[in-house]
Every structure is written in structure tokens, then in C-alpha cells.
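Trainee: Could you work out the structure for the sequence below:
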Amino acid sequence: MTERRISIAIDGHSSCGKSTLARDVAQRLGYAHVDSGAMYRAMALALLRDGLTPSELADNESAQREFLARHTLEAKISSEGKVELWLDGKKEEEALRLPEVAAVVSEVSAWPLVRSKMHALQRELAACGGVVMDGRDIGTVVLPEADLKIFLTASLPVRVERRRKELESKGIFLRNEEVEENLKKRDYLDTHRPFDPLRKASDARVLDNSYLTREEQTMEVMRWVQQILGGSF
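Mentor: Here you go, the predicted model:
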């Protein structure tokens, strides 16, 4: 009998640790991890490389179509189950986490044309199951039939500290006030955009990881997976 491979959707605000949790769970299960936010960051990066700002294309569908037509984004699953993003034929990773990309990604990701293109790519990756996908509209829009939906939360001070440390590890030093301002702006844009805003799916399980260790949060999700699949890990 073929082992059942489920789909897991993880949603939540920026810097809650969605990608870390999704990556850890995917590794435990031998699944592919899909960081949907990285796809939107890739499009934001493409915009900046074009020398444009979101305001120049906002409310201009024709200009947005031209922008999307100029760029290609491919998602390839490596032998280790990692989804690699190739923007215009070049593998991208570090550049996607730059502060200037983070500063505009919520605006770019609010465009319906961009969301439609990313949704198609995300659903294609999840078509056969065996995937853990994180983002902001996975359980509500992209994979509404996901076997397990999780809404990850953490307090704002904890998120600020996590984001600041992440930036420092990359040699980027910002004051807590600057990091907090950026997170609040992203929270507002993500929850107030007219298309596919961030919200908890009605059947999602809430996981507050403010004071959980990395292992503790992973094991909590693995218990939920066990409830669905049966057996032990």
C-alpha cells in the first residue's frame, strides 16, 4: 500500500518562524518545504532590479502585466526536498532576505496578477501531496483542502527580536524601533489588502510559539500529523 502523503499549510504574520517550522516538519516527514513568501520576495526583488518602486505600478494593470512578462520564476525541488527559486534563470536565496526587499514585498504581493501567478506555481508544487507550505493565504486560498492547517502566532516583541537577530546574522544592523516599524507595516498591509488578506482559516489549529523551543513546536505539529495519519514518529 502506498504511504499517504498529506499537505500541510502554515500561515501567520512575518517573523513568527513559519519557514523554520515548515522546514523542520518537512525534514521529519521527508516532505518538500515550500516557502511561498520567498516567491513574492523574488517578484519584489525583480521589481527593484528593474529600478522601479511599487507606487509606480500600483493600480496600473497594464504596467504590472508588462513587469510580469519581463521576468520568469521557476521553482525546482532538490533531491533534499528543498524548493529552489530561479529568477530569470538565476538561483536566488540570500538576496530575497534583504531589508529593501522586505520593505516592498507586501505591496507587490497585494497585486492580484502577482498573486494569481504565484498561486498557480504553489498549487503545482503541492499537487501530489507530501508538502509543507508556509505563507499568509495557504490554508485559506492556495490549499483550502489541506489536510492540516496551522496558524502560527508570536508576540510582537518576540518577533522583533527574532527578525533583528536574523538581520544581524547577515551583517545588517537595525534598531529595534526600525524592525518593529517594518513588521507593523507588513502586518497592516497583509491583513488589509483587498485580495487574499492574511487571516486564520476557520479550521486551522493555532500555535503560539512565543515561548516554545524549536523542538517543542516541531513536536506539537508532529503530534497533530500523527492524529491525521496514525502511527508514531
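Trainee: how close does residue 76 sit to residue 92?
Mentor: From residue 76 across to residue 92, the span is 12 Å (C-beta to C-beta, to the nearest Å). Bear in mind the C-beta positions are built from the backbone N, C-alpha and C, glycine included.
Trainee: ok, now residue 16?
Mentor: 23 Å.
Trainee: now do residue 163
Mentor: Counting by C-beta to C-beta, the separation of residue 163 from residue 92 is 20 Å.
Trainee: tell me, what's touching residue 76 and residue 92 both at once?
Mentor: When C-beta atoms under 8 Å, 6 or more residues apart in numbering defines a contact, the residues bordering residue 76 and residue 92 alike are residue 86.
Trainee: Tell me which of those two has more neighbours.
Mentor: In this view residue 76 and residue 92 are compared by other C-beta atoms under 10 Å, and residue 92 has more residues nearby, 18 against 11.
Trainee: residues touching that one, list them.
Mentor: Listed by C-beta under 8 Å, 6+ apart, the contact set of residue 92 reads 42, 45, 85-86.
Trainee: which of these are buried?
Mentor: 42, 45, 85 (16 or more other C-beta atoms under 10 Å).
Trainee: Return the subset of those residues lying in helices.
Mentor: Counted as lying in helices by DSSP state H, out of the buried ones among the contacts of residue 92, are 42, 45.
Trainee: Check the contacts of residue 92 and tell me the two furthest apart.
Mentor: The span of those, defined through C-beta to C-beta, is set by 45 and 86 at 12.3 Å.
Trainee: re the thing from before, export the contacts of residue 92 as JSON lines, with columns for pLDDT.
Mentor: Putting those into JSON lines (pLDDT from 0 to 100) gives the following:
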{"residue": "42", "pLDDT": "98"}
{"residue": "45", "pLDDT": "98"}
{"residue": "85", "pLDDT": "96"}
{"residue": "86", "pLDDT": "97"}
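Trainee: Between the buried ones among the contacts of residue 92, which sits nearest residue 131?
Mentor: residue 85 (15.3 Å).
Trainee: State the distance from the closest one to residue 120.
Mentor: Residue 85 is 15 Å from residue 120, by C-beta to C-beta.
Trainee: Next: residue 138.
Mentor: 14 Å.
Trainee: Same drill for the two, tell me which one is more crowded.
Mentor: residue 138 (30 against 10).
Trainee: how close does the more buried one sit to residue 223?
Mentor: Taken as C-beta to C-beta, the span from residue 138 to residue 223 is 20 Å.
Trainee: now do residue 87
Mentor: 37 Å.
Trainee: One more: residue 146?
Mentor: 17 Å.
Trainee: Could you check which of those two has the larger neighbour count?
Mentor: Set side by side, residue 146 and residue 223 show more neighbours around residue 146, with 24 against 11, by other C-beta under 10 Å.
Trainee: In contact with that one: list those residues for me.
Mentor: Residue 146 touches 6-9, 133, 138-139, counting by C-beta under 8 Å, 6+ apart.
Trainee: Could you rerun that using 10 Å?
Mentor: Taking C-beta atoms under 10 Å, 6 or more residues apart in numbering as the contact definition, residue 146 lies against 6-10, 126, 129, 131-133, 138-140, 201, 203-204.
Trainee: Put the buried members of these into a ChimeraX selection.
Mentor: A single ChimeraX command selects the buried members of these (16+ other C-beta under 10 Å):
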select :6,7,8,9,10,126,131,132,133,138,139,140,201,204
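Trainee: Which of the contacts of residue 146 scores worst on pLDDT?
Mentor: For those, the model is least confident at residue 129; its pLDDT is 88.
Trainee: what's the helix or strand for residue 11?
Mentor: Residue 11 is part of strand 7-12 when elements are defined by DSSP states H and E.
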